[in-house]
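[1] With the sequence up front, the predicted model follows.
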Amino acid sequence: MRHVPYKWIALSNTTLAVVMAMVNASSLLIALPAIFRGIHLDPLNPDNFVYLLWILMGYGLVTAVLVVLFGRLGDMFGRVRMYNAGFVVFTVAAIALSLTPGKGASAAVFIIAFRMLQAVGGAMLMSNSAAILTDAFPHDQRGMALGINIVAGLAGSFIGLILGGVLAAVDWRLVFLINVPFGVVGTVWAYLMLKETGVRHKARIYWLGNITFAAGLLMLLVGVTYGIKPYGHANMGWGSPFVIGMVAGGLAVLAAFVVVELRVPEPMFELRLFRIRAFAAGNVAVLLSSVANGGLQFMLIMWLQGIWLPLHGYAYKDTPLWAGIYMLPLTVGFLVAGPVFGRLSDRYGARPFATAGMLLAALSFLLLMVLPADFFYPWFACVLFLNGVSFGMFSAPNTAAIMNSVPARNRGVASGMRATMQTVGLPLSIGIFFSLMVVGLTAAVPSTMFRGLTLHHVPAQVAGTLSHLPPTGYLFAAFLGYNPLQELLGPKLIAALPHLDALALTGKRFFPALISVPFRHGLVDVLVFAAVMCLLAAAASWLRGGRFVHEDAHHHVAHVHADGAPPDAGGSRRPAPHVEAAPARALTHGRDTDA
């Protein structure tokens, strides 16, 4: 393969890594019902809810905490070396997960632990893949390369939805085992073909900064995760002393982290990069867009699985697979837009496309608000397609702009910082979305459910108890492909009811019809919040300034202007930072390449 330019080798291998990670994530979502049945764990049991939360969100929490550290280590010891190790760790964890021993809680803990180990490998891959591509491609082709990379990830997500449904029907262990061929091929290919082309910068690791960042972020995200878990008689845990302590403590530790990082000569989270307007605005936009969109997939899946698909005759056990299929327009929109706008951003800069993408995303959220709970699918598909196009317009141009804006020596840590913003947004989004949804459901569901159950001869005491259960229980039941009322009523009570009432309560229409109006009220609050986040992300994207490429993108060396005053992304001059002691730390040097 010596005749193949190295940049295409780098693109193909990093694309394989992205596809592997997305297949892993989406196939797990679809296979969760089979996994819980396989290890004999009832996900609707309140004591088991915590296992469900950690299986869903543990991977993202570990990734968010570690991506910057591994990006920093990539800058120091080699991005390819760190990336290759990520393939190995990810693959070993996949093998272990396919061999999960035991049943019940012990099996669930094993899955959670090795999913977290897999997240360590995923963080190594994620934090260095964008930096490897940035090293391999010239600045005027990075948008195209990153667009292909991101779009392949979306394709992997859809492949995972199909594979997860098919494999879980055979054996749930296959859902983990399917990652092994990807991992083995990727590992061998990476070790044989990838080479270090970036600038390696030897430095010390100041562990106080690493520890405070990891501890603060982990505390904050754990607090947000447990905020959606019922606490006592409350439907959510935001009033729990544990949640309040974790969120407040996490914010305090992160504040201490900022103080530490500003005082050490070789920080992990290079805060001085935020002096570069294009870098700062791009990362703010990434965080806001991730908060806007991170929890949307869960909301749409619950909409489809809990309401629309049962109303249209689909059995609950089949809804996870069909929900993935009916969300295909979202993936298609991203597939169409990602490479196109990535390539256009190479020529015209990221600002117009990233800004327009976030404005269109806000429009798509507002259009979803107009649809009834039992919508006409072609309209739903068109809105999903628009949403996919909008995020395709945003993702690749914004990523390329971030990576173009930093010195070559900082690409690993910059890639890790961008990945952190993206991964932190997911659990924050899920926590906020679920909280808004639960508030809406709590206000409307109890009276509606009580009336519906008693009309079908369910005893008033039982109906009262069920109608005041935390909404998270039946939301996750629908998410996992269970008929919530059939599970909540239980076989004994169902057998004691009149035959026609039992058929109605456990049928496909009763629960969706019962919850559709309250769900839509909660969904409106969620979509308004998402639209506001997108508008703020659009503002951040516009404020990045014109097209900006750091001097190191051309020369791979530090360049200092003769007058010592580096331009910002809009081309204006600012007072120079003090760089006499360490000239290589002047991180804001660059040039505006717009006319």
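    All right, it came through fine.
[2] what's the nearest residue to residue 42 if we skip its chain neighbours?
    residue 48 (5.9 Å; C-beta to C-beta, 6 or more residues apart in numbering). (Each C-beta comes from the backbone N, C-alpha and C, glycine too.)
[3] just for the stretch 451-595 of the chain, where's the confidence low?
    Confidence mapping of the stretch 451-595 of the chain against pLDDT under 70 gives the ranges 477-481, 547-595.
[4] End to end on stretch 266-278, go ahead and measure it.
    22 Å (C-alpha to C-alpha, to the nearest Å).
[5] about what we covered before: compute the number of surrounding residues for the residue nearest to residue 42.
    Close neighbours of residue 48, defined as other C-beta atoms under 10 Å, add up to 16.
[6] go on, residue 172?
    Residue 172, neighbours per other C-beta under 10 Å, totals 23.
[7] Run through the residues that contact residue 528.
    Applying C-beta atoms under 8 Å, 6 or more residues apart in numbering to residue 528 gives the contacts 365, 369.
[8] Same check on residue 530?
    Counting by C-beta under 8 Å, 6+ apart, residue 530 makes contact with 292, 293, 296, 362, 365, 433.
[9] Mind doing that once more with 7 Å?
    Listed by C-beta atoms under 7 Å, 6 or more residues apart in numbering, the contact set of residue 530 reads 292, 296, 365.
[10] Need the buried ones from the residues you listed selected in ChimeraX.
    Listed next is the ChimeraX selection for buried residues among those, using 16 or more other C-beta atoms under 10 Å:
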select :292,296,365
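[11] So which of the contacts of residue 530 is the closest to residue 464?
    residue 296 (33.5 Å; C-beta to C-beta).
[12] Which helix or strand contains the nearest residue to residue 287 once chain neighbours are set aside?
    Leaving aside its chain neighbours, residue 287 sits nearest to residue 421 (4.2 Å; criterion: C-beta to C-beta, 6+ apart). Per DSSP states H and E, residue 421 falls inside helix 411-455.
[13] Surely residue 535 is in contact with residue 361?
    No: counting by C-beta atoms under 7 Å, residue 535 does not reach residue 361; the two are 9.1 Å apart.
[14] between these two, which one's more packed in?
    Neighbour count, other C-beta under 10 Å: between residue 535 and residue 361, residue 361 has more, with 29 against 17.
[15] A strand includes that one, no?
    No: secondary structure of residue 361 (DSSP: H, G, I helix; E, B strand; the rest coil): helix, not part of a strand.
[16] That one and residue 391 touch, don't they?
    Yes: using C-beta under 7 Å, residue 361 makes contact with residue 391 at a distance of 6.1 Å.
[17] Other residues contacting stretch 153-172?
    Contacts for stretch 153-172 (C-beta under 7 Å, 6+ apart): 18-19, 22-31, 34-35, 38, 174-175, 178, 320-321, 324, 328, 331, 334-335.
[18] now with 6 Å?
    Residues from elsewhere that reach stretch 153-172, judged by C-beta atoms under 6 Å, 6 or more residues apart in numbering: 18-19, 22-23, 26-27, 30-31, 34-35, 38, 174-175, 321, 324, 331, 334.
[19] same question, stretch 443-453
    463, 467, 468, 514, 518.
[20] what bits of the stretch 1-150 of the chain have low per-residue confidence?
    Those would be 1-2, 43-46, if you go by pLDDT under 70 across the stretch 1-150 of the chain.
[21] Now do the end-to-end distance for stretch 171-180.
    16 Å.
[22] need the contact list for residue 429.
    291, 294, 295 are the contacts of residue 429 under C-beta under 6 Å, 6+ apart.
[23] from these, which single one is nearest residue 133?
    residue 294 (23.3 Å).
[24] Got the phi and psi for that closest one?
    Main-chain dihedrals, residue 294, degrees, to the nearest 10: phi -60, psi -40.
[25] Could you check how many residues crowd around it?
    Count around residue 294 with other C-beta under 10 Å applied: 24.
[26] ok, it to residue 423 distance?
    9 Å (C-beta to C-beta, to the nearest Å).
[27] again, but for residue 455
    In terms of C-beta to C-beta, residue 455 sits 46 Å off from residue 423.
[28] same thing with residue 507?
    40 Å.
[29] same thing with residue 16?
    20 Å.
[30] between these two, who's got more neighbours?
    Using other C-beta under 10 Å, the more surrounded residue of residue 16 and residue 423 is residue 423, with 28 against 19.
[31] Next, count neighbours for the residue lying closest to that one once chain neighbours are set aside.
    Nearest-residue entry for residue 423: residue 64, 4.0 Å, with adjacent residues in sequence omitted and distances by C-beta to C-beta, 6+ apart. When neighbours are defined as other C-beta under 10 Å, residue 64 has 26 of them.
[32] In terms of secondary structure, what does the helix or strand that contains residue 64 contact?
    Residue 64 is located in helix 49-77, with elements delineated by DSSP H and E. When contacts are defined as 3 or more C-beta pairs under 6 Å, 6 or more residues apart in numbering; DSSP states H and E, helix 49-77 sits against helix 79-98, helix 104-136, helix 207-227, helix 411-455.
[33] Can you say which of the ones you listed is nearest to residue 146?
    helix 104-136 (6.2 Å).
[34] helices and strands around the closest one, which ones?
    helix 6-38, helix 49-77, helix 79-98, helix 411-455.
[35] so the longest one versus helix 104-136, what angle?
    When axes from the mean of the first three to the mean of the last three C-alpha atoms, to 10 degrees is applied, the directions of helix 411-455 and helix 104-136 differ by 140 degrees.
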